[in-house]
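A.B. asks: Here is my input, please return the structure:
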Amino acid sequence: MESTKHLTQLRGCGTALATPFQPDGSLDEKALRRLVQLQISGKIDFLVPCGTTGESPTLAPKEHLRVVEITLEEAQRRVPVLAGAGGNNTAHVCELIRSLESLGVDGILSASPSYNKPTQEGIYQHYRALAGSTSLPVLVYNVPGRTGSNVEPRTLVRLSEIPNILGVKEASGSVAQADEILRLVPERFLVFSGDDSLTLPLMALGACGLISVVSNVAPREMTELVSLCLGGDFQAARREHRRLSPLMQVLFIESNPIPTKAALAAMGLIHLTYRLPLVPLQPENRAKLEKVLEQLGLVAGKEKEYVARGTN
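C.D. replies: Residues are numbered from 1 along each chain as shown. Take a look at the predicted model:
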């Protein structure tokens, strides 16, 4: 789809990109470029670097900007790029957003503040400040399992009144909450599934797409699933969902992005390097992951061995 500064017509499947590292723990720019090209060739609709899947808490500020810069260079305006910019210090997040805006990103995805445990009013004021710091569209990211607080539907209704709050990536895990959000927010407010496995039900309720972890590994397949939902062909979408369900499950067998990076390494796309506090998959879970990858034809077999490293 054509990139636009306003992104009001943003739909489809976007990939929350993993960040590849060299064996010594440094940023692997060559592998990152390869991953972006894989996404483009897989017909992904948009890209989201430096989110949770991108291990953003462990990226230094310069690394964060460099990952986004490389993503923009490789995307070449063929798809929109929404950069991750979250944190629990509102002023610091505003500063990061201004730096990202100067790079030319199309929008911002920002998780609600973690650890501070803000009230709903605090969450509202946080996002109001972020939106006021930029002319870019801002997508709220609600993921209570990681942040410790839920962005409630009524708070999203209030946020929808701010012109450049674009919508929400809804990852509460509650279909009932997603249904309430879709019922209450105005039509212009975009609701994306933040859970791969809940894409089908949320899109049946009216969500406009998915911000996906699984599409790191299977961009074409996840884009097709979302496209079928957007086209209203839910019979075919159910078939595709059921085919991909084992992959959706196994990529969350341990904390994201641990299994995703293991899968990308098994596919020969990255070095299997994590930054602490993330550590490699347990051997029994790695075996389960490799079995699913083989069943779906994403790897040919176990010809290669990859060394997993956790680095500071």
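A.B. asks: model confidence over stretch 50-63, on average?
C.D. replies: Mean per-residue pLDDT for stretch 50-63: 97.
A.B. asks: List the buried residues in that stretch.
C.D. replies: Neighbour-count burial for stretch 50-63, counted by 16 or more other C-beta atoms under 10 Å, picks out 50, 51, 52, 53, 54, 55, 56, 58, 59, 63. For every residue, glycine as well, the C-beta is placed using N, CA and C.
A.B. asks: the helices in the stretch 151-300 of the chain, which residues?
C.D. replies: Ranges of helices within the stretch 151-300 of the chain are 153-159, 175-184, 199-205, 219-230, 234-250, 258-266, 283-295, based on DSSP state H, counting those that start in this stretch.
A.B. asks: Alpha carbons of the fourth one, in CSV - could you do that?
C.D. replies: This file holds the C-alpha atoms of helix 219-230, laid out as CSV (Å, rounded to 0.1, in the frame of the first residue of the first chain):
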residue,chain,number,x,y,z
PRO,A,219,5.1,-12.9,6.1
ARG,A,220,3.3,-14.1,3.0
GLU,A,221,1.1,-16.6,4.9
MET,A,222,0.1,-14.1,7.6
THR,A,223,-0.6,-11.4,5.1
GLU,A,224,-2.8,-13.8,3.2
LEU,A,225,-4.7,-14.7,6.4
VAL,A,226,-5.4,-11.0,7.1
SER,A,227,-6.3,-10.3,3.5
LEU,A,228,-8.9,-13.1,3.5
CYS,A,229,-10.4,-11.6,6.6
LEU,A,230,-10.5,-8.2,5.1
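A.B. asks: So which bits of that helix are buried?
C.D. replies: Going by neighbour count (16+ other C-beta under 10 Å), the buried part of helix 219-230 is 219, 221, 222, 223, 224, 225, 226, 227, 228, 229, 230.
A.B. asks: and what of the last one?
C.D. replies: Taking 16+ other C-beta under 10 Å as the neighbour-count basis, helix 283-295 is seen to contain the buried residues 285, 286, 288, 289, 290, 292, 293.
A.B. asks: what residues does that helix touch?
C.D. replies: 217, 246-247, 250-251, 253-254, 259, 262-263, 266-267, 280-281, 299-302 (C-beta atoms under 8 Å, 6 or more residues apart in numbering).
A.B. asks: what angle separates that helix from helix 234-250?
C.D. replies: 150 degrees (axes from the mean of the first three to the mean of the last three C-alpha atoms, to 10 degrees).
A.B. asks: Export helix 283-295 to PDB, keeping only CA atoms.
C.D. replies: Provided in PDB are the C-alpha atoms of helix 283-295 (Å, rounded to 0.1, in the frame of the first residue of the first chain):
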ATOM      1  CA  PRO A 283      16.000 -27.800  24.300                       C
ATOM      2  CA  GLU A 284      12.700 -29.500  24.400                       C
ATOM      3  CA  ASN A 285      10.900 -26.400  23.200                       C
ATOM      4  CA  ARG A 286      13.500 -25.900  20.400                       C
ATOM      5  CA  ALA A 287      12.700 -29.400  19.200                       C
ATOM      6  CA  LYS A 288       9.000 -28.600  19.100                       C
ATOM      7  CA  LEU A 289       9.700 -25.400  17.200                       C
ATOM      8  CA  GLU A 290      11.800 -27.100  14.600                       C
ATOM      9  CA  LYS A 291       9.200 -29.800  14.100                       C
ATOM     10  CA  VAL A 292       6.500 -27.200  13.300                       C
ATOM     11  CA  LEU A 293       8.900 -25.300  11.000                       C
ATOM     12  CA  GLU A 294       9.600 -28.500   9.100                       C
ATOM     13  CA  GLN A 295       5.900 -29.500   8.900                       C
END
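A.B. asks: Helix or strand with the lowest mean pLDDT in the chain?
C.D. replies: Every helix and strand of the chain was ranked by mean pLDDT, DSSP states H and E. The lowest is strand 309-311, at a mean of 58.
A.B. asks: which stretches of the stretch 201-312 of the chain have low pLDDT?
C.D. replies: 301-312 (pLDDT under 70).
A.B. asks: 50 instead, please
C.D. replies: Within the stretch 201-312 of the chain, the ranges that satisfy pLDDT under 50 run 302-307.
A.B. asks: Describe which strands the helix or strand containing residue 108 pairs with in its sheet and in which direction.
C.D. replies: Assigned by DSSP states H and E, residue 108 belongs to strand 107-111. Note on strand 107-111: by DSSP bridges, its sheet partners are strand 82-84 (parallel), strand 138-142 (parallel).
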